[in-house]
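[1] Provided below are the primary sequence and the corresponding predicted coordinates.
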Amino acid sequence: MTENNFLKHNSQSYNQEGKGEVLLFIHGFCGSAHYWDELIPLLKDDYTVLCVNLRGHGGNKTDDSAIEITDMARDLYHFLSQHSVDQVYMFGHSLGGYISLAFAELFPSKLKGFGLIHSTAFPDSDNAKEARIESMNLIDERGLASFVDRLIPNLFSKDSLAQLKDKVSKVKEIGYGTDVNGAKGALMAMRNRPDRNHVLRETSKPVLLVAGEKDKVIPPEKVFSVEDSHIKTELLPKAGHMGMLETPEELARIIKNWIKLSKLKH
């Protein structure tokens, strides 16, 4: 594993607002901590909201394109240790969800609970694995911006694309800022990730699974892969793959209610 001191002394590596219990939000592929900008004001009166940039994302550079999901999970553990954060509720969007699952497997004592936001415990299908390679080739041949321009529209529902043009543009700008090695490394890490449905089944922590009804990237049936008493499932009816931007008020309500419920049960 590469040295993960990239977070140290880097003021662009995370955003923190609010007070109280810590909610740690992990963005998706070609995203950044700014994915959560609209959610922060809805949560910061009740919680400390911590949004971290992954390696190769959000202004972080990386020389290493050969990384695994577990490496990024260890980055987060290193970050929490550096900042003397004992336990968190962790929420991961898409790629961030894959990392949250790996974190829950490696460092369960650091979690009060965790949530997958438009993410899945399933591994890539054979077709998805081929698409990851094609994406890496596209980045090499046409550049990252061309790849991002193709990627981002698929993340929003049809209605959101038409109605939320400023937000679509914002997500593109965030994507353009991704380090090329970071993007290619994340693609390969996602391609190589194993099935982690056993983490959902076996964890003693409360789990929240949130899906977008109109998600073209990870449909609800891929999100809701395990049913059990410790797992809460929620559907965002109007959202595609970007509920934190498409329906932030509804997502904030779901998160608050789930935390309250998890405390009652545990």
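    Nice, I can see it.

[2] Okay, helices next: where are they in the stretch 151-266 of the chain?
    158-163, 165-176, 180-192, 197-202, 220-223, 243-246, 248-265 (DSSP state H, counting those that start in this stretch).

[3] Please identify the most buried of these.
    helix 243-246 (a mean of 25; mean count of other Cβ atoms under 10 Å). Where C-beta positions appear, they are placed from N, C-alpha and C, glycine not excepted.

[4] Show the average pLDDT along that one.
    On average, the pLDDT along helix 243-246 is 98.

[5] name the helices or strands packed onto it?
    The contact analysis (3 or more Cβ pairs under 8 Å, 6 or more residues apart in numbering; DSSP states H and E) places helix 243-246 against helix 165-176, strand 207-212, helix 248-265.

[6] Reformat those as JSON lines; add distance to residue 106.
    Shown next, in JSON lines, are those (distance: least, Cβ to Cβ, whole Å):
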{"stretch": "helix 165-176", "distance to residue 106": "27"}
{"stretch": "strand 207-212", "distance to residue 106": "16"}
{"stretch": "helix 248-265", "distance to residue 106": "21"}
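
[7] which stretch in these has the least confidence?
    Across these, the lowest-scoring stretch is helix 248-265, with a mean of 93.

[8] Could you measure from the residue lying closest to residue 63 once chain neighbours are set aside over to residue 172?
    What sits nearest to residue 63 in space, not counting adjacent residues and going by Cβ to Cβ, 6 or more residues apart in numbering, is residue 181, at 6.4 Å. Per Cβ to Cβ, to the nearest Å, residue 181 is found 20 Å from residue 172.

[9] is residue 232 in a bridge, and if so with what?
    Under DSSP bridges, the beta-bridge partners of residue 232 are residue 208.
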